[in-house]
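J.: after the sequence you'll find the predicted model.
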Amino acid sequence: MKSSVLVVDDELLIRKSLAKVLRARGYAVEVASSGAEGLEKAGESRPQVMILDMRLPDTDGLSVLRRVRELDPLLQVIMITAFGDVQSAVDAMKLGACDFLRKPYEMEDIVLAVEAAARTFRQASELDLYRRQAWRQFSDEEIIGQSEPMNVVRDLIEKVVRSQATSVLITGESGTGKELVARAIHYRGDRAQAPLMEVNCSSFQETLLENELFGHERGAYTDASDLKKGLVELCDGGTLFLDEVGDMSLPTQAKLLRFIDHRNFKRVGGAQDITVDIRIVAATNKDLEGEVRAGRFRSDLYFRLKVVSIPLPPLRERGDDILLLARHFVGEFGRKFQKRFSDLSVEAAAVLRVYSWPGNVRELRNLIERVVLLEEGECVEPAHFPPEVLGRTNVATEGATPSEYPLPTLAEIEAGHIAEVLRLTAGNKSQAARILGISRQGLIEKLRRLRAESEVGRQVSRNNILDAPAKTR
Ligand SMILES: Nc1ncnc2c1ncn2[C@@H]1O[C@H](COP(=O)(O)OP(=O)(O)OP(=O)(O)O)[C@@H](O)[C@H]1O
Ligand SMILES: [Mg+2]
């Protein structure tokens, strides 16, 4: 395919001669005699390479450069500067020009520069395509939702992706999709080729987290026999996802703040400053402002992170997104488990729509997974839902006082549900834990507690389920 070149120069003779030479080399050439015309033609015909004179009758070349780069970040711009105008050349390169030539230039230099620019364009667009495919590969991680609050979220993500912002804060209740958004920011942006690394700040002790983030020098501790690079260093060029940042200890917060301000750090036990270029995406389901007031979170770090923040709305505020998501999950798990389920019944949709979703999207996803795996049919029905989901629309309990209608306690519902899932999975704890949305260890602990404490626990264990031999799957 022929590459296309747009020549923007106010001198007729230059336009003519450049067009002639480039056409002879097989390029499709368009010309414009002013900045305004150049912008218009760049928008219309989407050239791959632009030859842009710094001095134009209506505006200066730099502002045209800035605008076209916004319009099409892949467009390769070769600037033509007056002899000796070093500053403009430097500015042009900073604004993303791919090359510059000084007047007077040889035609052959222009041809070489255009060839190189066309090559760069091809590579950049291949990379761009690859990146978009990488994003699509996470298609079961597609961000679903058409509601107004989710459109706001999407706009914010787009803005962050296109900006140079190096730290971003994602807030929202548990299960609202914070991790999903963090991935979106990484994979949609120009950091997608570099690593995305994640660290959960709540799963490390204070000094260990620091070690994990910033690494250590050989001999930094008595047992540190080797140099260890931290995540900050390992994901240079990419994104570091700091999950549960609200659980970070104050000393580590101080180190993080210093890093965000200076973009450099020292390994533990090291003297040398190491500079890296990473974007920090922090997430929390805590009320950080409250944490600041309670003295558990540094206010300066909070304000630094808050500059670019993406608050995720709870699922119950997303209206019909609940149904969009539910249908999406029915499809996903229907394919995965090869079941016939393909939709929600009207009644099931009504139940899902009014439930309060304390566990947000994760709860909805786990619910649909459970139903599709364990039930049969084409439509998901209310009968497939556990009592807590049905609770608010249950006609029998409507208007009844608690004494007339003995409601189960949460512990009873939990125990009953665990027992049910264990029965359906024939006591396979790994599978049961997955369906319940908790870890295998978490399930074992729950069973131990239930057995030890409660009446329901004894009930459950009378069915011999809690005492079923542990399978090692
Ligand atoms: N808008 C959405 N579209 C599709 N899937 C979603 C959406 N939001 C969340 N999910 C899915 O819900 C689950 C929970 O999301 P995620 O892990 O991102 O939540 P979180 O906010 O990080 O939760 P926590 O605070 O508990 O860590 C994931 O499986 C995720 O893929
Ligand atoms: Mg998370």
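T.: On my side now, so go ahead. Ligands and ions are numbered 1, 2, ... in the order given.
J.: helix, strand or coil: sort out residue 376 for me.
T.: Here residue 376 is recorded as coil under DSSP: H, G, I helix; E, B strand; the rest coil.
J.: show me which residues of the stretch 101-250 of the chain sit near ligand 2.
T.: Contact residues, the stretch 101-250 of the chain versus ligand 2 (C-beta under 5 Å from the ion): 178, 179. C-betas here are computed from N, CA, C, even on glycine.
J.: residue 231 and residue 195 touch, don't they?
T.: No: Residue 231 lies out of contact with residue 195 (C-beta atoms under 8 Å); the separation is 9.1 Å.
J.: check which element follows the helix or strand containing residue 155 along the chain.
T.: In the assignment (DSSP states H and E), residue 155 maps to helix 148-162. Heading C-terminal from helix 148-162, the first helix or strand you meet, by DSSP H and E, is strand 167-171.
J.: which helix or strand contains the closest residue to ligand 1 within the stretch 1-150 of the chain?
T.: Using C-beta to the nearest ligand atom, the single residue of the stretch 1-150 of the chain nearest to ligand 1 is residue 144, 3.6 Å away. According to DSSP H and E, residue 144 maps onto no helix or strand at all.
J.: and if you look at residue 388?
T.: Per DSSP H and E: helix 387-390 holds residue 388.
J.: what's that helix packed up against?
T.: In terms of contacts (3 or more C-beta pairs under 8 Å, 6 or more residues apart in numbering; DSSP states H and E), helix 387-390 is packed against helix 346-354.
J.: now what about the helix it packs on, what contacts it?
T.: 320, 322-323, 326, 344, 364, 379-382, 384-385, 389-390, 392-393 (C-beta atoms under 8 Å, 6 or more residues apart in numbering).
J.: in space, what's closest to residue 236 - neighbours in sequence excluded?
T.: Leaving aside its sequence neighbours, residue 236 sits nearest to residue 276 (C-beta to C-beta, 6 or more residues apart in numbering; 4.3 Å).
J.: could you report the pLDDT at residue 99?
T.: Looking at residue 99, its pLDDT reads 90.
J.: tally of neighbours for it?
T.: Residue 99 sits with 22 neighbouring residues when counted by other C-beta atoms under 10 Å.
J.: who are the contact partners of the closest residue to ligand 1 within the stretch 101-250 of the chain?
T.: Closest to ligand 1 within the stretch 101-250 of the chain is residue 177: 2.8 Å, counting by C-beta to the nearest ligand atom. Neighbouring residues of residue 177 by C-beta under 8 Å, 6+ apart: 143, 312, 360, 361.
J.: what segments of the stretch 151-300 of the chain are helices?
T.: Assigned by DSSP state H, counting those that start in this stretch, the stretch 151-300 of the chain shows helices spanning 178-188, 206-214, 231-234, 250-262, 288-293, 299-306.
J.: now the angle from the last one to strand 167-171?
T.: Using axes from the mean of the first three to the mean of the last three C-alpha atoms, to 10 degrees, the interaxial angle of helix 299-306 with respect to strand 167-171 works out to 90 degrees.
J.: what residues does helix 299-306 touch?
T.: 167-169, 245, 253, 256-257, 260-261, 282, 288-289, 291-292.
J.: which one (most neighbours) among the residues you listed?
T.: Neighbour counts for the contacts of helix 299-306, by other C-beta under 10 Å, peak at residue 245, which reaches 29 neighbours.
J.: give me the pLDDT for it.
T.: Confidence score, pLDDT, at residue 245: 96.
J.: gap between it and residue 229?
T.: The gap separating residue 245 from residue 229 is 21 Å, by C-beta to C-beta, to the nearest Å.
J.: distance of residue 276 relative to ligand 1?
T.: According to C-beta to the nearest ligand atom, to the nearest Å, residue 276 and ligand 1 sit 25 Å apart.
J.: closest residue of the protein to ligand 2?
T.: Using C-beta to the ion, the single residue of the chain nearest to ligand 2 is residue 179, 4.0 Å away.
J.: those helices in the stretch 351-473 of the chain, which residues are they?
T.: Going by DSSP H, counting those that start in this stretch, the stretch 351-473 of the chain shows helices at 360-374, 387-390, 410-424, 429-436, 440-453, 455-462.
J.: help me confirm that residue 56 comes into contact with residue 8.
T.: Yes: with contact defined as C-beta under 8 Å, residue 56 reaches residue 8; the gap is 7.1 Å.
J.: these two: which has the busier surroundings?
T.: Using other C-beta under 10 Å as the criterion, residue 56 and residue 8 rank with residue 8 on top: 26 against 21.
J.: what about that one, distance to residue 333?
T.: For residue 8, the distance to residue 333 - C-beta to C-beta - is 55 Å.
J.: I'd like to know which of the contacts of helix 346-354 are buried.
T.: Using 16 or more other C-beta atoms under 10 Å as the burial test, the contacts of helix 346-354 include 322, 326, 344, 364, 379-382, 384-385, 389-390, 393 as buried.
J.: quick one, domains of this structure?
T.: Structural domains assigned to the chain are 4-132, 146-313, 315-403, 408-473, following automatic domain parsing.
J.: just the contacts of helix 346-354: which are in strands?
T.: The strands, defined by DSSP state E, take in 344, 379, 380 from those.
J.: would you turn those residues into TSV with pLDDT?
T.: Formatted as TSV, the ones in strands among the contacts of helix 346-354 follow (pLDDT from 0 to 100):
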residue	pLDDT
344	93
379	94
380	96
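J.: export those residues to JSON lines and tack on distance to residue 30?
T.: Shown next, in JSON lines, are those (distance: C-beta to C-beta, whole Å):
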{"residue": "344", "distance to residue 30": "53"}
{"residue": "379", "distance to residue 30": "57"}
{"residue": "380", "distance to residue 30": "56"}
